[in-house]
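Asker: build the 3D model from these lines:
(one chain, ligands or ions: 1)
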Amino acid sequence: MAMSGSRAPLLEGGEYVHKAPAPRCCFWLASHVNVRKCVAAAMLVSLLTIFFYGYYVTAPLTSLVWRDRIPRPLSQCSLLAPARGAARDHRSAARLRIDAKVLVIVESAYSRLGRDIAELLVANRIRYKLEVAGKSLPVLTTLDKGRYGVIVFESLSKYASMDKWNRELLDKYCREYSVGVVGFATPAEETLVGAQLKGFPLFMHTNLRLKDATLNPASPVLRLSRAGETAWGALPGDHWTVFRANSSTYEPVAWALMQAEYGITERSPLATVIQDHGRLDGVQRVLFGSGLQFWLHRLLFLDALSYLSHGQLSLSLERWILVDIDDIFVGERGTRLHVEDVKALLASQAALQRLVPGFRFNLGFSAKYFHRGTAPENCGDDELLKHTHQFNWFCHMWNHQQPHLYSNVSQLEAEMMLNKQFALEHGIPINSSYSVSPHHSGVYPVHEPLYEAWKKVWDVKVTSTEEYPHLRPARLRRGFRHRGVMVLPRQTCGLFTHTLLLERYPGGRQRLDRSIQGGELFQTVINNPINIFMTHMSNYGNDRLALYTFESVVKFLRCWTNVRLGSAPPLQLAHKYFQLRPDELSPLWGNPCDDVRHRRIWSKSKWCGTLPKVLVIGPQKTGSTALYTFLAMHPALAPNLPSPTTYEELQFFNNNNYLKGLDWYLEYFPPGPGNSSRLTFEKSATYFDGELVPRRAHALLPNAKIIAILISPSKRAYSWYQHIRSHGDPAANNYSFHTVITANDSAPKPLRDLRNRCLNPGKYAHYLERWLLEFSPHQLLTLDGAQLRADPALAMDAVQKFLKLEHRDYRQLLKYDAKKGFFCQAVSKEKTKCLGKSKGRVYPPMEERSAKFLKRYYTPHNTALSKLLVRLGRPAPQWLKDDLSSAG
Ligand SMILES: Nc1ncnc2c1ncn2[C@@H]1O[C@H](COP(=O)(O)OS(=O)(=O)O)[C@@H](OP(=O)(O)O)[C@H]1O
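Answerer: Numbers count the residues shown, from 1 in each chain. Okay, the predicted model is just below:
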């Protein structure tokens with residue numbers, strides 16, 4: 001009897017049993033299947049799954065899976081609505097007497113918000129001074145000028161509860177110089193409801209959780225930030241403060257809604273950032289209800305600085321973006337571009353061009369790998385070449401080899417020629433003057449053969465790297481110029497060779513989205529007027545992660561900011577960059593061995609262990625050659641090799657030799673048994689007063705010991721005059737010493753220059769302070785030059801102690817030479833070896849009137865030196881006491 005369609009009998013418990021006839025296949029299965037077969041089938045299925053999975057993520061079929069899951073760019077705003085009002089101009093016509101600098105008063109040297117503020121200022125190259133809140137205020141004025149354009153208080157409550165005296169002083173400064181105040185409400189222990197901010201008609205509610213932030217389009221503070229959108233969702237942190245006020249002096253800058261709690265929802269927007277127009281006490285303020293963790297506050301903080309400083313601290317609204325795609329043609333099969341990827345690239349480029357005028361993807365190719373993909377990928381290569389003139393192109397090394405692995409320029413040239421030949425054959429433009437080396441190798445640390453070959457083959461004028469001075473922190477990346485090649489800082493957008501799929505993005509898709517929507521990538525564009533982003537070809541295949549990223553971030557920037565985006569070829573960007581930052585043209589060489597990444601991309605044949613550990617810095621004519629000679633006699637010390645032009649002095653840090661690069665310097669400290677077991681040292685007497693020297697020396701030799709030799713500055717000046725006179729200096733031979741030192745500012749230029757060169761190095765305290773900005777006091781020895789001359793063994797005892805050397809008794813090594821009138825090396829019992837004729841010259845004594853003049857002239861400088869020595873806990877040399885006692 002057929003049962004189908006009829007109801008089955010009801011079981012106890014109310015469930016129906018469906019009694020269907022067993023199909024035929026079941027009988028077949030029952031008769032054929034046994035446990036062994038089941039296990040075998042399960043294993044087969046597992047193997048197939050593993051194979052399928054592995055194959056799909058690495059092989060050409062990847063695209064089949066991912067191509068139909070290509071993410072659409074994020075955009076949640078009506079951004080493309082054309083009516084965008086012009087951004088406000090905060091500049092004032094009034095004559096301002098403030099410096100474009102920020103004073104940041106922090107709770108402690110380690111506070112989180114204080115650090116965030118400082119980092120944001122550094123990233124935007126805004127000058128600032130950090131002060132820990134204390135009993136007294138720092139000095140606020142210099143002569144008739146305000147030192148700071150805005151005062152930032154990390155803690156609003158500290159600001160509100162400052163003692164009366166300081167508060168009055170600060171308010172007076174703010175009113176007199178039109179300086180504004182920024183304050184941040186920091187999380188309070190207790191929850192305050194409607195508590196009044198001390199001294200202000202302003203009420204605060206604290207410890208709130210908020211959501212959905214918006215900006216007040218009418219707020220005059222907004223400039224970089226653009227109102228009109230809502231940052232949907234919870235705002236970071238549980239301790240927000242909101243402000244309520246009745247006075248018209250207050251105007252909200254930003255609002256948010258309360259997160260629903262216990263079912264209660266406060267629907268009216270609450271002011272999270274508020275502006276005080278200063279109508280009550282003449283001081284303008286912008287107050288934040290939370291720190292900088294919320295991305296929008298970073299923008300608003302920059303706007304607050306711009307507004308409160310009357311435009312003195314306004315950042316430019318122009319932002320230039322260049323997207324490099326390295327590794328064109330390179331890449332594992334399965335990760336390369338197909339025809340439709342190239343089409344998508346062109347479509348995305350066209351879309352970006354509407355938002356970023358002048359935008360073109362910049363393609364770096366390694367032609368050796370052309371047509372090395374699967375059949376569809378090879379078609380993708382052809383498709384790229386079909387559209388060569390729609391992109392910008394640059395050379396990226398023929399075989400994608402790291403340049404630092406070639407010690408030979410001609411090998412590098414040959415490789416580059418192959419890539420160039422390919423470009424010529426396939427109509428790729430070769431005139432970009434730009435190149436990028438694989439892994440940025442050879443750019444910094446500098447591999448000289450790369451620069452040489454680049455110049456010869458590609459006429460490279462611009463390159464970019466993430467490595468100068470270091471990869472991290474990114475906000476400190478800088479540019480420089482070497483051998484005529486401008487090196488620009490490159491930014492990371494969070495996409496690397498192996499980040500191929502949005503769904504597999506490290507840390508999850510949300511991480512990349514956060515970076516785009518106000519996070520790291522967004523902030524990178526805000527903080528850098530010129531952005532060169534590094535991406536790889538693989539980021540444009542598969543689910544085209546890079547297209548998603550750039551379209552999304554550009555749209556987000558347009559939604560929330562008034563920045564004017566643009567793009568241009570690298571050479572133009574380089575000129576713009578160094579116009580904005582001319583101070584960066586001159587490089588600052590670091591020690592490649594201090595950074596593991598640098599060591600990896602620096603030639604294996606280079607060395608760093610023999611870089612000097614000791615620098616004798618002069619100043620000139622204080623006995624520096626004698627000290628150099630005496631140091632070289634110590635078995636634990638090794639001097640540099642002599643220079644063919646400047647003899648024992650290398651004069652690296654203070655003149656053009658520095659621009660020759662680190663390799664030049666290293667040649668004078670060759671590795672070898674002598675140098676690696678001994679402390680290497682160098683002396684150049686002009687280092688002492690060289691403006692850039694302390695910074696440069698510290699960048700390369702941060703742990704070096706520094707020795708400065710000081711004699712009476714009057715005697716030094718006279719010795720220097722005699723020195724250059726005997727070198728035939730025409731000005732010195734035209735003017736007497738007295739004329740030189742007493743020359744006033746209306747004297748002819750050669751005379752003024754001579755006077756400055758003669759007198760300035762004797763302002764010892766001034767230069768020593770500059771060294772002490774870079775090196776710590778325990779790294780600096782101020783050696784008494786008068787003692788070095790009269791009792792060199794005693795002076796050498798001090799030097800050996802300072803350098804922690806095994807003691808040598810220089811009484812045995814040096815001998816007074818009556819004929820020379822100086823101590824010389826004791827070669828044998830009778831014989832001595834003295835310094836040359838130019839050291840210890842014979843000349844008439846200084847005129848009395850000159851000596852008197854110089855004593856007076858140097859009194860303030862000697863007084864400063866005396867104070868400095870007290871501060872350092874060092875004794876004053878006798879000559880200093882003498883100079884000061886008879887001064888006046
Ligand atoms: N042992 C010994 N032998 C020779 N000369 C000695 C010695 N000790 C100190 N001095 C003094 O050194 C002065 C030259 O200083 P520098 O070597 O620093 O000069 S330079 O800047 O390197 O040209 C030189 O200056 P002048 O006397 O004016 O020639 C010397 O006074």
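Asker: for the rest of this, base every contact and every neighbour count on C-alpha atoms.
Answerer: Fine.
Asker: how about the residues of the stretch 501-650 of the chain near the ligand?
Answerer: Applying CA under 6 Å from any ligand atom, we find that the stretch 501-650 of the chain lies next to the ligand at 620-626.
Asker: closest to Leu884 among the residues you listed?
Answerer: The nearest member of these to Leu884, counting by CA to CA, is Thr622 at 18.9 Å.
Asker: ok, the nearest residue to Leu627 once chain neighbours are set aside - contacts?
Answerer: Nearest non-adjacent residue to Leu627, counting by CA to CA, 6 or more residues apart in numbering: Leu788, 7.7 Å away. Residues counted as contacts of Leu788 (CA atoms under 8 Å, 6 or more residues apart in numbering) are 623, 627, 794-796.
Asker: closest to the centroid, which residue in the protein?
Answerer: Centroid check for the chain by CA atoms, centre = their mean gives Leu476 as the closest residue, at 1.0 Å.
Asker: check contacts around the nearest residue to it once chain neighbours are set aside.
Answerer: Nearest residue to Leu476 in three dimensions, chain neighbours excluded: Ala123, at 7.0 Å (CA to CA, 6+ apart). Each residue near Ala123 by CA under 8 Å, 6+ apart is listed here: 475-476, 527-528.
Asker: low-confidence ranges, the stretch 251-400 of the chain, go.
Answerer: Within the stretch 251-400 of the chain, the stretches with pLDDT under 70 are 261-266.
Asker: can you pull out the helices in it?
Answerer: 295-308, 339-355, 375-386 (DSSP state H, counting those that start in this stretch).
Asker: what residues are up against the closest residue to the ligand within the stretch 701-850 of the chain?
Answerer: At 3.4 Å from the ligand, Gly840 is the closest residue in the stretch 701-850 of the chain, using CA to the nearest ligand atom. With contacts defined as CA under 8 Å, 6+ apart, Gly840 is in contact with 820-822.
Asker: do Ala793 as well
Answerer: Contacts of Ala793 by CA under 8 Å, 6+ apart are 809-811, 814.
Asker: quick check on it: phi, psi?
Answerer: phi -60, psi -40 (degrees, to the nearest 10).
Asker: could you measure from it over to Ala786?
Answerer: For Ala793, the distance to Ala786 equals 12 Å [CA to CA, to the nearest Å].
Asker: find the residues that touch each one of those two.
Answerer: With CA under 8 Å, 6+ apart, Ala793 and Ala786 have no common neighbours.
Asker: low-scoring stretches of the protein, by residue?
Answerer: 1-33, 49-68, 76, 78-84, 261-266, 886-888.
Asker: same thing but at 80, please
Answerer: The chain contains residues with pLDDT under 80 at 1-43, 45-69, 74-85, 260-267, 500, 673-676, 886-888.
Asker: how about the residues of the chain near the ligand?
Answerer: 620-626, 685, 719, 789, 822-824, 835, 838-841.
Asker: and those, which of them are buried?
Answerer: The neighbour-count test (16 or more other CA atoms under 10 Å) marks 620-626, 685, 719, 789, 822-824, 835, 839-840 as buried among these.
Asker: tell me the strands beside the biggest strand by length in the chain, with direction?
Answerer: Ordering each strand of the chain by length in residues (DSSP state E) puts strand 318-328 first. With DSSP bridges as the test, strand 318-328 is paired with strand 362-365 (parallel), strand 530-536 (parallel), strand 564-566 (parallel).
Asker: can you point out the buried residues in it?
Answerer: For strand 318-328, a neighbour-count test (16+ other CA under 10 Å) marks 319-328 as buried.
Asker: same deal with stretch 802-818?
Answerer: 802-803, 810, 813-817.
Asker: give me the subset of those residues lying in strands.
Answerer: Counting by DSSP E, these contribute 814-817 to strands.
Asker: show me where the stretch 51-200 of the chain has strands.
Answerer: 101-106, 127-132, 141-142, 145-146, 150-153, 180-184, 195-196 (DSSP state E, counting those that start in this stretch).
Asker: quick one, helices of the stretch 501-650 of the chain?
Answerer: 509-516, 520-527, 545-560, 570-580, 596-600, 624-632.
Asker: tell me which of those sits most buried.
Answerer: Each of the helices of the stretch 501-650 of the chain was scored by mean neighbour count; the highest is helix 545-560, a mean of 23, by mean count of other CA atoms under 10 Å.
Asker: so what does it touch, helix or strand wise?
Answerer: Packing partners of helix 545-560 (3 or more CA pairs under 8 Å, 6 or more residues apart in numbering; DSSP states H and E): helix 339-355, helix 509-516, helix 520-527.
Asker: reformat those helices as a markdown table; add distance to Gly494.
Answerer: Shown next, in a markdown table, are the helices and strands packed on helix 545-560 (distance: least, CA to CA, whole Å):
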| stretch | distance to Gly494 |
| --- | --- |
| helix 339-355 | 19 |
| helix 509-516 | 7 |
| helix 520-527 | 8 |
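Asker: Gly183 and Ala160 touch, don't they?
Answerer: No: between Gly183 and Ala160 there is no contact under CA atoms under 8 Å: 9.4 Å.
Asker: next, the buried residues of stretch 650-670.
Answerer: Buried-residue list, stretch 650-670, by 16+ other CA under 10 Å: 650-654, 658-659, 661-662, 665-666, 668-670.
Asker: about what we covered before: columns mean neighbour count on top of the strands of the stretch 51-200 of the chain, output as JSON lines?
Answerer: Formatted as JSON lines, these follow (neighbours: other CA atoms under 10 Å):
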{"stretch": "strand 101-106", "mean neighbour count": "22"}
{"stretch": "strand 127-132", "mean neighbour count": "16"}
{"stretch": "strand 141-142", "mean neighbour count": "12"}
{"stretch": "strand 145-146", "mean neighbour count": "18"}
{"stretch": "strand 150-153", "mean neighbour count": "26"}
{"stretch": "strand 180-184", "mean neighbour count": "25"}
{"stretch": "strand 195-196", "mean neighbour count": "15"}
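Asker: would a markdown table of those strands with distance to Pro489 be doable?
Answerer: Formatted as a markdown table, the strands of the stretch 51-200 of the chain follow (distance: least, CA to CA, whole Å):
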| stretch | distance to Pro489 |
| --- | --- |
| strand 101-106 | 25 |
| strand 127-132 | 20 |
| strand 141-142 | 36 |
| strand 145-146 | 34 |
| strand 150-153 | 29 |
| strand 180-184 | 31 |
| strand 195-196 | 48 |
